[in-house]
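Enquirer: below is the structure, and that's it, no one-letter string:
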């Protein structure tokens, strides 16, 4: 079934493609979740398993997303329609991708707003002189104040839509290059500062040296499953977030090498986050496994007691804001491109309408900590944000990845030969034909296990 789009925009450089794709993968979860699950899982033991599963699980599905995007030169909404055989129904997943990306932004824009708000609080000296309880009260006050949360959510949506409205190269690519470069520089700066703190060595040993005793206490199976989940979810694969950028690039580079480069950048940010957080936690004697509270209560308390803490704290929340905004921009681009193909609107009109639609769609998350805080949400974590996160992380991402996987390897979809030819076009690392058995029969079972365990873990 033929589908064409005239005047297809292109990214200006390979660097732009890598940084935008990495920006989509790199998010807030890299910063707080990776360090604390690594700590629970035995430090280096968890990291080793994570790298293994990243290579055998995350990278292959990313290659498939990029291949579908590049072969079709269309958004996920129409990519399957162009590549599928007559009479097939794979294209319905394109609509699922659009819905899932919108659902992701319904709560991610709010969390990005938290980061922006905390930068303002830290830079203005709001935390100066506060006790740990005082800092906790600031966080609680923010969660209950839907006007403040709503304001910063709207600011994030406005920034994202404005940048995406300015053209692919002049808006998204230019801004992402700046933000990602600044993000990496700031991370290195913060990591060096943490490593030089008194007592940092204990934190580094906790994070990087394999401790099988700690891994056994947590349960080695639990450690393996946590590493598998982290490797799978960190790359944002399964809902077309990566496929869109495959549609914007040429055919001069093979896609396995590009996927590995993006995965290395994603892992670098996760490791750097641990280098920032663990030495500081051990230096100041705070709980390094505090989860989300680590960012909004524990770390501001650390910066409050650190020499030049206001400067380092402001820098940290600049870095957090950039990490969040890089994902927002990438997913907004996906939503905008899908909508443009669906409606025929211009980029500017789509972005303007998108601003109002995303603002409305974000309201349930903003209100879900106060006026819409319902008891029945307790099974998901207690808030509308947790419900939306569950639908994306536990349903859309794994099942969406399975659709991309089966579409690429099955003769009832695009097919192995067509996928392999697209993935291996260009210079760089190639997928070997011998990988067909693993990708066709073993990887789908791993993805199904991740999906099944996620459901089991949530409800049982």
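Expert: Received, thanks. It should be emphasised that the depicted structure is a prediction, and the values quoted were computed from it without experimental measurement.

Enquirer: now residue 458, what's its secondary structure?
Expert: helix (DSSP: H, G, I helix; E, B strand; the rest coil).

Enquirer: that one and residue 39: what is the separation?
Expert: Here the criterion is C-beta to C-beta, to the nearest Å. By it, residue 458 lies 22 Å from residue 39. To be clear about C-beta, it is placed using only N, CA and C from the backbone, and glycine gets the same treatment.

Enquirer: so which of these two has more stuff around it?
Expert: Applying other C-beta atoms under 10 Å to residue 458 and residue 39 shows that residue 39 carries more neighbours, namely 23 against 14.

Enquirer: the more buried one belongs to a helix?
Expert: Yes. Assigned with three-state DSSP, residue 39 falls within a helix.

Enquirer: just checking, it touches residue 209?
Expert: No. Residue 39 is beyond contact range of residue 209, at 11.9 Å (criterion: C-beta atoms under 8 Å).

Enquirer: wait, a strand at residue 236?
Expert: No. Applying three-state DSSP, one finds residue 236 to be coil, outside a strand.

Enquirer: what residues are up against it?
Expert: 24, 25, 27, 242, 327, 397 (C-beta atoms under 8 Å, 6 or more residues apart in numbering).

Enquirer: quick one: which of those residues is nearest residue 444?
Expert: residue 397 (14.7 Å; C-beta to C-beta).

Enquirer: so that closest one sits against residue 242, correct?
Expert: No. When contacts are counted by C-beta under 8 Å, residue 397 is not listed as touching residue 242 (11.6 Å).

Enquirer: the more surrounded of these two?
Expert: residue 242 (29 against 26).

Enquirer: pretty sure the more buried one contacts residue 65?
Expert: Yes. If you go by C-beta under 8 Å, residue 242 and residue 65 touch, sitting 4.1 Å apart.

Enquirer: now render the contacts of residue 236 as TSV, adding secondary structure.
Expert: Formatted as TSV, the contacts of residue 236 follow (three-state DSSP):
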residue	secondary structure
24	helix
25	helix
27	coil
242	coil
327	helix
397	helix
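
Enquirer: and which of those residues is nearest residue 202?
Expert: Using C-beta to C-beta, the contacts of residue 236 come closest to residue 202 at residue 27, 28.4 Å.

Enquirer: show the subsequent helix or strand relative to the helix or strand bottoming out on mean pLDDT in the chain.
Expert: Lowest by mean pLDDT, DSSP states H and E among the helices and strands of the chain is helix 292-293, with a mean of 67. Heading C-terminal from helix 292-293, the first helix or strand you meet, by DSSP states H and E, is helix 299-305.

Enquirer: residues contacting that following helix, please?
Expert: By C-beta under 8 Å, 6+ apart, helix 299-305 touches 118, 122, 127-130, 132, 135, 138, 277, 280-281, 283-284, 286, 309-310, 312-313, 316.

Enquirer: filter these down to the buried ones, ChimeraX style.
Expert: Applied in ChimeraX, the following selects the buried portion of the contacts of helix 299-305 according to 16 or more other C-beta atoms under 10 Å:
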select :118,122,127,135,138,277,280,281,283,284,286,309,310,312,313,316
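
Enquirer: just the contacts of helix 299-305: which are in helices?
Expert: Counted as lying in helices by DSSP state H, out of those, are 118, 122, 132, 135, 138, 277, 280-281, 283, 309-310, 312-313, 316.

Enquirer: where does pLDDT dip in the chain?
Expert: Filtered on pLDDT under 70, the chain yields the residue ranges 1-7, 32, 288-292.

Enquirer: make it 50
Expert: 1-2, 4-6 (pLDDT under 50).

Enquirer: what sits closest to residue 447 if chain neighbours are left out?
Expert: residue 402 (5.0 Å; C-beta to C-beta, 6 or more residues apart in numbering).

Enquirer: if we can go back for a sec, max pairwise distance over the ones in helices among the contacts of helix 299-305: which two?
Expert: Going by C-beta to C-beta, the pair spanning the ones in helices among the contacts of helix 299-305 furthest: 138 and 283, at 22.5 Å.

Enquirer: please identify the buried residues of the helix or strand encompassing residue 107?
Expert: Using DSSP H and E, residue 107 sits within helix 92-123. For helix 92-123, the neighbour count (16+ other C-beta under 10 Å) marks 93-94, 96-98, 100-119, 121-122 as buried.
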